[in-house]
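A.B. asks: predicted coordinates and the sequence they were generated for:
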Amino acid sequence: MKVGEVVLPKGEYKVQHTMEGENHVMVFSQLHASNPATVRVKCQLVPLKAKAPATQLLYGHNEADTHVLQELIFQGDTAKHVF
């Protein structure tokens, strides 16, 4: 899956939302790897009409047919992260 301009290596990731000044940033940190990948991507918070009933990854495909992450929604949140 591609996040921002980076294709993430296969594996499990910890995902954290942080602030850098006024910028919202999602940090993807690879778990269980000898040389873990870490990717930082700016995002925008977009309000949802109600609390999210489930965690969701919404993605599209680029010309190389790679999954490209477009939105990330965490269960119970009232906003989604749009890339």
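C.D. replies: Received it, and whenever you're ready, just let me know what you need.

A.B. asks: quick one: least confident helix or strand in this protein?
C.D. replies: Scoring the helices and strands of the chain by mean pLDDT, DSSP states H and E places strand 6-7 at the bottom, with a mean of 92.

A.B. asks: got the contact list for the residue nearest to the spatial centre of the chain?
C.D. replies: The residue lying closest to the centre of the chain (CA atoms, centre = their mean) is L72, at 5.4 Å. Neighbour list for L72: 15, 26, 43, 56-58, 80-81, 83 [criterion: CB atoms under 8 Å, 6 or more residues apart in numbering]. Backbone N, C-alpha and C define where each C-beta goes, glycine included.

A.B. asks: may I see the buried residues of the longest strand along the chain?
C.D. replies: Counting residues, the longest strand found in the chain (DSSP state E) is strand 38-47. For strand 38-47, the buried set under the neighbour-count rule, 16 or more other CB atoms under 10 Å, comprises 39-41, 43.

A.B. asks: next: stretch 58-75.
C.D. replies: 69, 71-73.

A.B. asks: could the contacts of L72 go into TSV alongside distance to V3 and pLDDT?
C.D. replies: Below are these laid out as TSV (distance: CB to CB, whole Å; pLDDT from 0 to 100):
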residue	distance to V3	pLDDT
V15	10	96
M26	8	97
C43	10	96
Q56	15	97
L57	10	94
L58	13	96
K80	15	97
H81	11	97
F83	7	94
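
A.B. asks: top of those residues by neighbour count?
C.D. replies: Counting neighbours by other CB atoms under 10 Å, H81 comes out on top of the contacts of L72 with 22 neighbours.
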